[in-house]
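**Student:** okay, sequence plus prediction incoming.
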Amino acid sequence: MYAKFGDMGNARNVFDEMRERNLVTWGALVSGYVKNGFGEEGLRVFVKMGREGVKGNEFTYGSVLSACGSLRWLMCGMGVQGCVVKSGFCGDVFVQCALVEMYLRCGKMEDAWCVFDGMVVKDLVSWNSMIGGFASLGFCDDALVLFRLMLREAANSRVLIGMTPDNFTMASVLMASARGKDLSNVTQLHGFVLKLGFESYKSLNGYAREGNNSMDAVNLYIELRQALMNVDTKKPLHSWSSPSFSAHRRTTLVRSDMASTVAGSTASFSTQSLSTGEPVVSVDWLHANLREPDLKVLDASWYMPDEQRNPLQEYQVAHIPGALFFDVDGISDRTTNLPHMLPSEEAFAAAVSALGIENKDGVVVYDGKGIFSAARVWWMFRVFGHDRVWVLDGGLPRWRASGFDVESSASSDAILKASAASEAIEKVYQGQAVGPVTFQTKYQPDLVWTLEQLPHMLPSEEAFAAAVSALGIENKDGVVVYDGKGIFSAARVWWMFRVFGHDRVWVLDGGLPRWRASGFDVESSASSDAILKASAASEAIEKVYQGQAVGPVTFQTKYQPDLVWTLEQVKKNTEDQTYQHIDARSKARFDGVAAEPRKGIRSGHVPGSKCIPFPQVLDSSQTLLPAEQLQKKFEQEGISLDKPVMASCGTGVTACILALGLHRLGKTNVPVYDGSWTEWGAQEDTPVSTSTS
């Protein structure tokens, strides 16, 4: 009762006081939270419900999927779908409608269509979800196609009761027609409006409200009426239930041509027709096209060393039927100690040819986590000029959650090919001849950055302003930065804000470890808004550097050149020694007795610089030392606080920690050498000192 009237506080109190809880009470609480706009709390209750051994029913799963859709939590929704499949509710109409709505709200149109197309019974609610979802997301032509299909299937099955378009349907179709400017069938739509009694102002506004349409339905209708005067009424129009619809549907509804399982579709497979602009394919699409001869599927699973998982063994235990194994560590550069670096063109061509892949083939890559190492192999193919490559969205976990078969043993041919690919790499680097090369490469240098493109260098003023604005930060805001180590990368971001003129920025002393040690709460999942903002910030950077327009810039920068040093400034300082130069790297790297972690970088330090490893300005809990101890530390290392100081490190990150410590001591103008040792040590003409020089 409390939940029905929106009083979730009392509803939760009653629930917590219950001695015995069953599926009904758990489900009512989940549904109450979701219906009253507390989707995240509803999901937490659902998780707790599962931990206590209570299995959900179709109504519980429907509520949870609705919450995932509202929050735009796609991966969470996919996980719930897996539970639905395991629980045997995948054929329930209520659950299927919730799945359709979830995918639509997350913008996954093809996935929504796949669920909808598999529904044995399609009621008015499911049709409205599809039509309204496509219309509201701007797929106006597709919304109208769905409306035609709805009427045709209703007529063919003679099930007209309950399938007559209602307020929501007509509001969505009106919006799609006006926005899409599709006048070819506007006279018939006008007839529907008149026939069903949707002529009054009051009714149309009701549709707009019920359909959540932002435009006034009356204005839409007026626009359609005015457009009628420009329509040639003598020109034959397609019937709303025309048999030719199915052909139109294949070209319009499935926008990326990645869902050939649509009902009634027998379109032939061709990798040439797949969109190279769309980087992923769905499991439903792959399942439908798995046996096509010009499609190759690769298991590119790879795991972090501490996970102690063997991807080849896991491939042999379970993989998508017909998939070959791509050894991420094996198909790599043999001239470096760095893991799985990009091999040479010749080596990659030899390895891929050994796998039996040709340039005419389309390649789908997946891994055992969902999307992890598969993206690396997708990139490798593109680096070497092969654009017809896609990642399987959701990978092997989603394939299995969808109920599709896996092979539990690898064929001898697949094992031989995987072995031959690694052997081909070895032969190329040893200068030996390899077998016939059937895969030709064309290196794309724009997709690869090397040492010359230094890591995480300062962006331009315009790019930084666009990215920070995308995060929702304005100049009036104070900013607190933290990291997961205590004080590490947060200091770099603190410095970046100051470089661009924002002084209201601080580092959280001790970072996340200190926060958690103090017993303060942490959130165990990121909100959709936070994820979108992080993505928008990265996209804003890309757009600026590509010369594209970005969204509104709410954060204004004012560059502070005195806080940033370049290679030329450091060179000059080695001669005149105006600034005291401190290096935050370890003593071993500074002395040149330990190799640099990046290939091609000499060991040692800038002549005249002094070593103060950044951990020395932090205590055991990774918090900044008090001012007195900091002053003593710098003085012990021969640094005079009365003279100017500049800082460097490996890549310009930990140098900011030294600048942070000096800022605590009142030295607020310490510049950081942005390129740091990665730039200096890579140059051929820069002097280098070591402990033995």
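**Tutor:** On my side now, so go ahead. Treat the numbers as computed from the prediction; the structure is a model and nothing was measured. Numbering: from 1, shown residues only.

**Student:** would you mind listing the buried residues in whichever strand or helix holds residue 465?
**Tutor:** Residue 465 is part of helix 461-470, with elements assigned from DSSP states H and E. Going by neighbour count (16 or more other CB atoms under 10 Å), the buried part of helix 461-470 is 461, 463, 464, 465, 466, 467, 468, 469, 470. (Each C-beta comes from the backbone N, C-alpha and C, glycine too.)

**Student:** dump those residues to a markdown table, plus pLDDT.
**Tutor:** Listed next are these as a markdown table, based on pLDDT from 0 to 100:
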| residue | pLDDT |
| --- | --- |
| 461 | 88 |
| 463 | 87 |
| 464 | 91 |
| 465 | 91 |
| 466 | 90 |
| 467 | 90 |
| 468 | 92 |
| 469 | 91 |
| 470 | 89 |
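
**Student:** ok, the residues you listed vs residue 135, which is closest?
**Tutor:** Nearest to residue 135 out of the buried residues of helix 461-470 is residue 470 (CB to CB; 27.7 Å).

**Student:** pretty sure residue 581 sits in a strand.
**Tutor:** Yes. Looking at residue 581 with DSSP: H, G, I helix; E, B strand; the rest coil, it is inside a strand.

**Student:** show me what contacts it?
**Tutor:** Contacts for residue 581 (CB atoms under 8 Å, 6 or more residues apart in numbering) come out as 570, 573, 606, 608, 609, 610, 645, 646, 647, 648.

**Student:** what domains does the record give for this structure?
**Tutor:** Domain assignment for the chain by automatic domain parsing gives 1-98, 107-267, 275-447, 461-494+503-519+528-555, 562-680.

**Student:** so for the last one, mean pLDDT?
**Tutor:** The predicted model assigns domain 562-680 a mean pLDDT of 93.

**Student:** start and end of it, how far apart?
**Tutor:** Domain 562-680 stretches 20 Å from its first residue to its last (CA to CA, to the nearest Å).

**Student:** low-confidence ranges in the stretch 401-550 of the chain?
**Tutor:** By pLDDT under 70, the weakly predicted segments of the stretch 401-550 of the chain are 446-455.

**Student:** can you show me the strands along it?
**Tutor:** Taking DSSP state E, counting those that start in this stretch as the criterion, the stretch 401-550 of the chain carries its strands at 479-481, 505-507.

**Student:** can you add mean neighbour count and distance to residue 491 and give those strands back as a markdown table?
**Tutor:** Below are the strands of the stretch 401-550 of the chain laid out as a markdown table (neighbours: other CB atoms under 10 Å; distance: least, CB to CB, whole Å):
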| stretch | mean neighbour count | distance to residue 491 |
| --- | --- | --- |
| strand 479-481 | 15 | 8 |
| strand 505-507 | 19 | 6 |
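
**Student:** would you turn these into a markdown table with distance to residue 685?
**Tutor:** Formatted as a markdown table, the strands of the stretch 401-550 of the chain follow (distance: least, CB to CB, whole Å):
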| stretch | distance to residue 685 |
| --- | --- |
| strand 479-481 | 36 |
| strand 505-507 | 36 |
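
**Student:** residue 314 - that's part of a helix, no?
**Tutor:** Yes. According to three-state DSSP, residue 314 belongs to a helix.

**Student:** let me see the ranges of the strands in the stretch 551-693 of the chain.
**Tutor:** Assigned by DSSP E, counting those that start in this stretch, the strands in the stretch 551-693 of the chain fall at 564-565, 580-583, 610-611, 645-648, 672-673.

**Student:** picking that back up, which of the contacts of residue 581 sits closest to residue 52?
**Tutor:** Nearest to residue 52 among the contacts of residue 581 is residue 647, at 53.6 Å by CB to CB.

**Student:** so the closest one touches residue 674, yeah?
**Tutor:** No. Counting by CB atoms under 8 Å, residue 647 stays clear of residue 674, with 10.8 Å between them.

**Student:** pick out whichever of the two has more residues nearby.
**Tutor:** Just comparing residue 647 and residue 674: by other CB atoms under 10 Å the higher neighbour count belongs to residue 647, 30 against 22.

**Student:** list the contacts of the closest residue to that one other than its chain neighbours.
**Tutor:** With sequence-adjacent residues excluded and distances taken as CB to CB, 6 or more residues apart in numbering, residue 647 is closest to residue 655, at 4.0 Å. Residue 655 is in contact with 583, 584, 614, 647, 648, 649, 672, 673, 676, counting by CB under 8 Å, 6+ apart.

**Student:** mind putting the residues you listed in CSV, distance to residue 378 included?
**Tutor:** As requested, the contacts of residue 655 are exported to CSV (distance: CB to CB, whole Å):
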residue, distance to residue 378
583, 39
584, 36
614, 37
647, 39
648, 36
649, 33
672, 36
673, 36
676, 32
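
**Student:** need the max-distance pair from these.
**Tutor:** 614 and 673 (14.4 Å).

**Student:** that older thread, and the strands of the stretch 551-693 of the chain: which comes nearest residue 402?
**Tutor:** strand 672-673 (50.2 Å).

**Student:** other SSEs contacting that closest one?
**Tutor:** Under the contact criterion of 3 or more CB pairs under 8 Å, 6 or more residues apart in numbering; DSSP states H and E, strand 672-673 touches strand 564-565, helix 567-576, strand 645-648, helix 655-664.

**Student:** what's in contact with stretch 309-324?
**Tutor:** Stretch 309-324 is contacted from outside by 286, 290-291, 296-299, 301-303, 325, 327-328, 355-356, 366, 368, 392, 396, 399-400, 404-410, 414-415, 417-418, using CB under 8 Å, 6+ apart.

**Student:** and those, which are buried?
**Tutor:** Buried by 16+ other CB under 10 Å: 286, 290, 296-299, 301-303, 325, 327-328, 355-356, 366, 368, 392, 396, 399-400, 404, 407, 410, 414-415, 417-418, out of the contacts of stretch 309-324.

**Student:** which of these fall in strands?
**Tutor:** The strands, defined by DSSP state E, take in 296, 297, 298, 299, 325, 366, 392 from those.

**Student:** for the third one, give me the pLDDT.
**Tutor:** The per-residue pLDDT reported for residue 298 equals 97.

**Student:** any idea how far it is from residue 388?
**Tutor:** Distance from residue 298 to residue 388, counting by CB to CB, to the nearest Å: 13 Å.

**Student:** tell me, what's touching the two both at once?
**Tutor:** Residues touching both residue 298 and residue 388 (CB under 8 Å, 6+ apart) are residue 363.

**Student:** only alpha carbons, please: show the helix or strand where residue 146 lies as PDB.
**Tutor:** According to DSSP H and E, residue 146 maps onto helix 140-157. Provided in PDB are the C-alpha atoms of helix 140-157 (Å, rounded to 0.1, in the frame of the first residue of the first chain):
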ATOM      1  CA  CYS A 140      11.100   8.100 -37.900                       C
ATOM      2  CA  ASP A 141      10.900   6.000 -41.100                       C
ATOM      3  CA  ASP A 142      11.400   2.800 -39.100                       C
ATOM      4  CA  ALA A 143       8.600   3.800 -36.700                       C
ATOM      5  CA  LEU A 144       6.200   4.200 -39.700                       C
ATOM      6  CA  VAL A 145       7.400   0.900 -41.100                       C
ATOM      7  CA  LEU A 146       6.600  -0.800 -37.700                       C
ATOM      8  CA  PHE A 147       3.100   0.800 -37.700                       C
ATOM      9  CA  ARG A 148       2.400  -0.600 -41.200                       C
ATOM     10  CA  LEU A 149       3.600  -4.000 -40.000                       C
ATOM     11  CA  MET A 150       1.400  -3.800 -36.900                       C
ATOM     12  CA  LEU A 151      -1.700  -3.200 -39.000                       C
ATOM     13  CA  ARG A 152      -0.800  -5.800 -41.600                       C
ATOM     14  CA  GLU A 153      -0.200  -8.600 -39.100                       C
ATOM     15  CA  ALA A 154      -3.300  -7.700 -37.200                       C
ATOM     16  CA  ALA A 155      -5.300  -7.900 -40.500                       C
ATOM     17  CA  ASN A 156      -3.700 -11.100 -41.600                       C
ATOM     18  CA  SER A 157      -4.300 -12.800 -38.200                       C
END
